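In: Here's my sequence, what's the structure:
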Amino acid sequence: MINQNDMAAAQQLYKDLQKKYSQYIGENQLRMFGQSLHNAKRLEEAEKIFQLNLKAYPSSSQCFVDLAEVYHSMGNVTSAMYYCRKALELEPENMYAQFLFKSL
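Out: Below you'll find the predicted structure:
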């Protein structure tokens with residue numbers, strides 16, 4: 001389980017690695033890590049990774065979709081809808097965000 005201290009350390013590690021290896025570490029790598037946690041039903045940890053990704057890439061509609069998915073899996077429909085709406089504000093043609101929003 002990732003606790004607050006671990007999350008702060010993860011954020012710092014991400015910043016350090018991104019500075020040194022920016023061509024290798026970015027939005028997609030965090031997404032894959034978060035999705036792996038999500039698939040393993042480690043939802044709270046996935047949520048934290050997706051929040052970290054959103055903080056690093058606030059203009060990415062996909063970051064919002066990832067959070068919507070994890071909140072949907074957690075049964076938090078209100079948050080899932082919020083993040084779907086944010087994704088659609090950034091990218092109205094995002095078909096998956098449209099599908100997810102309609103399924104909520």
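In: which helix is the longest one in this protein?
Out: The single longest helix within the chain, with elements called by DSSP state H, is helix 4-20.
In: low-confidence ranges in the protein?
Out: When residues are selected by pLDDT under 70, those of the chain lie in 1-5, 7.
In: Please identify which helix or strand holds the residue most central in space within it.
Out: Residue closest to the average C-alpha location in the chain (CA atoms, centre = their mean): residue 50, at 2.4 Å. In the assignment (DSSP states H and E), residue 50 maps to helix 43-56.
In: Which elements pack onto that helix?
Out: helix 4-20, helix 27-39, helix 61-74 (3 or more CB pairs under 8 Å, 6 or more residues apart in numbering; DSSP states H and E). Bear in mind the C-beta positions are built from the backbone N, C-alpha and C, glycine included.
In: ok, and for it, which residues are buried?
Out: 43, 45, 46, 47, 48, 49, 50, 51, 52, 53, 54, 56 (16 or more other CB atoms under 10 Å).
In: follow-up on the earlier one: most tightly packed of the helices and strands packed on helix 43-56?
Out: helix 61-74 (a mean of 22; mean count of other CB atoms under 10 Å).
In: contacting residues around the helix or strand that that helix is followed by?
Out: Once the chain leaves helix 61-74, the next helix or strand it forms, by DSSP H and E, is helix 77-90. Under the contact criterion CB atoms under 8 Å, 6 or more residues apart in numbering, helix 77-90 has outside partners 59-62, 64-65, 67-69, 71-72, 94, 97-98, 100-101, 104.
In: Taking their axis directions, helix 77-90 and helix 61-74 sit at what angle?
Out: Using axes from the mean of the first three to the mean of the last three CA atoms, to 10 degrees, the direction of helix 77-90 lies 160 degrees away from that of helix 61-74.
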